[in-house]
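Asks: For reference, the sequence and a predicted model appear below.
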Amino acid sequence: MKYISLLGATGSIGTQTLDIIKEHPTEFVLAAMSVGRNIDLARKLIAEFHPELVCVLNKEDADSLRLEFPEIKFTYGFEGLSEVAVYKKSTILVNAVMGSVGLEPTLHAIEAGKAIALANKETLVTAGHIVMNAVRRNQVPLLPVDSEHSAIFQALQGEFEKNIGKLILTASGGSFRDRKRRELENVTVQDALNHPNWSMGAKITIDSATMMNKGLEVIEAHWLFDIPYEKIDVVLHKESIIHSMIEFHDSSVMAQLGTPDMRVPIQYALTYPDRLPLKTAQTLNLAKVGQLHFAEMDFERFRCLKFAYDAGIAGGTFPTVLNAANEIAVEAFLKGKITFLQIEDLIENALTYHQSIMEPSLAEIKAVDDETRKYVNSLL
Ligand SMILES: NC(=O)C1=CN([C@@H]2O[C@H](COP(=O)(O)OP(=O)(O)OC[C@H]3O[C@@H](n4cnc5c(N)ncnc54)[C@H](OP(=O)(O)O)[C@@H]3O)[C@@H](O)[C@H]2O)C=CC1
Ligand SMILES: CC(=O)[C@@H](O)[C@H](O)COP(=O)(O)O
Ligand SMILES: [Mn+2]
């Protein structure tokens with residue numbers, strides 16, 4: 001029986017993690033969870049999964065839920081996320097919260113010796129060296145949930161990292177994969193939220209449309225697999241059937257395939273190194289798929305991917321700025337305050353303005369994250 005702490009239970013990854021817990025009641029228990037503002041869904045999840053500890057975003061929600069569920073402990077706010085992450089009964093943290101707010105709870109869980117199933121890629125982008133040093137020092141498993149990184153992790157089983165020639169991340173191209181750059185000027189939020197292959201939270205769906213998602217994933221792969229940026233390629237693959245590949249030194253390529261279903265990598269992170277059946281997953285019928293397509297990445301069409309490579313290679317606090325500027329810009333786009341193409345303008349501006357700190361401490365990262373958010377907000 002594995003006891004799980006789940007951050008972001010009301011989200012896309014969170015609810016799919018709960019599907020897996022539900023499908024395997026003799027394997028997994030939800031011990032603690034966090035939600036944000038979706039208190040209606042939180043109520044249903046509490047009634048169904050009976051976690052011992054629940055964190056909500058606001059104190060008022062914690063106070064009213066306490067009256068409804070007196071047997072459950074409620075906490076709230078930023079500190080509450082870490083309480084959930086280090087909950088004593090849990091052995092594994094599934095971090096499915098959105099944004100760099102996930103960083104500190106992850107670090108606390110690592111220090112508390114918990115295994116980490118990481119969906120929250122912003123954590124590794126913002127402070128990759130700090131997270132990886134903590135993982136090594138505490139010798140805890142860091143299990144990728146992001147589909148591309150899970151694919152690479154699965155393809156690496158039985159292999160030595162030293163034999164990797166390069167990683168090849170696949171990119172669907174997102175909601176606007178078939179549009180030219182000039183056709184992006186007047187796109188709406190609704191258009192951008194219409195991902196062709198995956199049903200995901202709003203922020204990552206916009207990231208996928210700007211290709212920032214792949215940029216964040218390049219940086220995530222760099223930290224997870226300790227691979228230099230020049231050995232990480234991205235290829236457009238519109239079907240999202242091949243979830244990513246490793247090319248080894250002898251030119252052999254290992255790929256992981258499957259229908260686009262996040263429950264597969266989530267479950268693998270929970271069962272690793274074992275596997276369990278996943279009754280509701282659709283198996284891959286390649287004959288029915290017929291053809292798989294691949295195309296070279298166009299860095300002028302997808303400027304955010306170039307920003308991410310540049311920020312990753314430059315290192316220091318550049319990736320922190322990239323991530324924080326992106327979070328604010330995407331939020332502004334979702335609220336209708338800026339156009340789609342202004343997302344990349346804001347990120348470029350923040351990166352240009354920034355003076356990087358090399359080998360930043362956690363305090364420096366937090367300060368840069370905060371300053372960047374303020375700076376981009378001031379541009380808005
Ligand atoms: N969705 C997917 O298929 C994939 C997602 N990921 C990554 O996983 C993470 C989660 O993505 P996804 O599930 O799509 O996101 P969602 O937006 O669907 O869910 C986010 C979750 O985090 C909570 N949350 C948001 N902001 C805060 C905050 N400031 N404090 C506390 N809780 C907060 C939300 O609460 P509430 O809704 O209650 O307000 C919700 O539970 C992201 O880092 C994403 O990049 C990676 C690969 C695939
Ligand atoms: C499901 C998942 O892992 C997402 O990060 C996915 O990769 C988005 O797809 P694209 O960014 O390739 O559009
Ligand atoms: Mn992904």
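Replies: Yep, it's here. Numbers count the residues shown, from 1 in each chain. Ligands and ions are numbered 1, 2, ... in the order given.
Asks: going forward, measure contacts between C-alpha atoms and count neighbours the same way
Replies: Fine.
Asks: Quick check: the gap between the closest residue to His195 other than its chain neighbours and Pro273.
Replies: Sequence neighbours aside, Ser175 is the residue nearest to His195 in space, at 4.6 Å (criterion: C-alpha to C-alpha, 6 or more residues apart in numbering). Spatial separation of Ser175 from Pro273 under the definition C-alpha to C-alpha, to the nearest Å is 34 Å.
Asks: The two - which one has more neighbours?
Replies: Neighbours of Ser175 and Pro273, each counted by other C-alpha atoms under 10 Å, are more numerous for Ser175; the result is 20 against 9.
Asks: returning to that earlier point: okay but the residue nearest to His195 is in contact with Asp207, surely?
Replies: No: using C-alpha atoms under 8 Å, Ser175 and Asp207 do not qualify as a contacting pair, with a distance of 10.0 Å.
Asks: roughly how far out does stretch 224-243 sit from the chain middle?
Replies: Offset of stretch 224-243 from its chain centre (C-alpha atoms, centre = their mean, to the nearest Å): 15 Å.
Asks: joint contacts of Ser175 and Asp207?
Replies: With contacts taken as C-alpha atoms under 8 Å, 6 or more residues apart in numbering, not a single residue reaches both Ser175 and Asp207.
Asks: what does the stretch 151-300 of the chain put close to ligand 2?
Replies: Where proximity means C-alpha under 6 Å from any ligand atom, the interface of the stretch 151-300 of the chain facing ligand 2 comprises Ala171, Ser172, Gly173, Gly174, Ser208, Asn213, Lys214, Met262.
Asks: Over to the residue nearest to His195. Which of the three states is it?
Replies: Following DSSP: H, G, I helix; E, B strand; the rest coil, we place Ser175 in the helix state.
Asks: mind listing what it touches?
Replies: When the contact criterion is C-alpha under 8 Å, 6+ apart, the partners of Ser175 are Asp191, Ala192, Leu193, Asn194, His195, Pro196, Ser208, Ala209.
Asks: Compare those and tell me which has the most neighbours.
Replies: Of the contacts of Ser175, Ser208 is surrounded by the most neighbours, 25 neighbours in total, counting by other C-alpha under 10 Å.
Asks: Next up, the contacts around it.
Replies: Ser208 makes contact with Gly173, Gly174, Ser175, His195, Lys214 under the criterion C-alpha under 8 Å, 6+ apart.
Asks: from those, which is closest to ligand 3?
Replies: Lys214 (7.2 Å; C-alpha to the ion).
Asks: Report the rounded mean pLDDT for the host helix or strand of that closest one.
Replies: Per DSSP states H and E, Lys214 falls inside helix 212-225. Computed over helix 212-225, the mean pLDDT rounds to 98.
Asks: Give me the residues contacting it.
Replies: In this structure, residues lying in contact with helix 212-225 by C-alpha under 8 Å, 6+ apart are 121-122, 124-125, 128-129, 132, 148-149, 161, 169, 171, 204, 207-208, 227-229, 232, 234, 304-309, 312, 323.
Asks: Let me know whether the strand or helix carrying Leu67 sits next to ligand 1.
Replies: Secondary structure here is read from DSSP H and E; on that basis Leu67 sits in helix 59-68. No: applying C-alpha under 6 Å from any ligand atom, one finds helix 59-68 separated from ligand 1 by no less than 11.4 Å.
Asks: just to revisit the earlier point, show me the contacts of helix 212-225 that map onto strands.
Replies: Secondary structure assignment (DSSP state E) places Leu169, Ala171, Ile232, Val234 from these within strands.
Asks: What residue, apart from its backbone neighbours, is nearest the third one spatially?
Replies: In other words, Ile232. Of all residues not flanking Ile232 in the chain, Leu167 sits nearest, at 4.8 Å (C-alpha to C-alpha, 6+ apart).
Asks: all strands for this protein, in order.
Replies: Ranges of strands in the chain, per DSSP E, are 2-7, 28-34, 53-56, 73-76, 92-95, 115-118, 142-144, 164-171, 232-236, 242-248, 253-257, 295-296.
Asks: Tell me the spacing between the one residue in the chain that gets nearest to ligand 2 and Ala32.
Replies: When scored by C-alpha to the nearest ligand atom, the chain has Ala171 as its residue closest to ligand 2, at 3.4 Å. Relative to Ala32, Ala171 is positioned 33 Å away (C-alpha to C-alpha).
Asks: which one of these two has more residues nearby?
Replies: In this comparison of Ala171 against Ala32, neighbours counted by other C-alpha under 10 Å, the higher total goes to Ala32 at 32 against 26.
Asks: Verify the stated contact: the more buried one with Val86.
Replies: No: using C-alpha under 8 Å, Ala32 is not in contact with Val86; the gap is 9.3 Å.
Asks: okay, and the common contacts of those two?
Replies: Contacts common to Ala32 and Val86, judged by C-alpha under 8 Å, 6+ apart, are Ser5.
Asks: Glu111 touches Ala134, doesn't it?
Replies: Yes: with contact defined as C-alpha under 8 Å, Glu111 reaches Ala134; the gap is 7.1 Å.
Asks: need the residues of the chain near ligand 1, please.
Replies: Counting by C-alpha under 6 Å from any ligand atom, the residues of the chain near ligand 1 are 8-14, 35-38, 57, 96-99, 101, 119-122, 146, 200-202, 204, 262.
Asks: Of the residues you listed, keep whichever come out buried.
Replies: With burial judged by 16 or more other C-alpha atoms under 10 Å, the buried subset of the residues of the chain next to ligand 1 is 8-14, 35-36, 57, 96-99, 119-122, 146, 200, 202, 204, 262.
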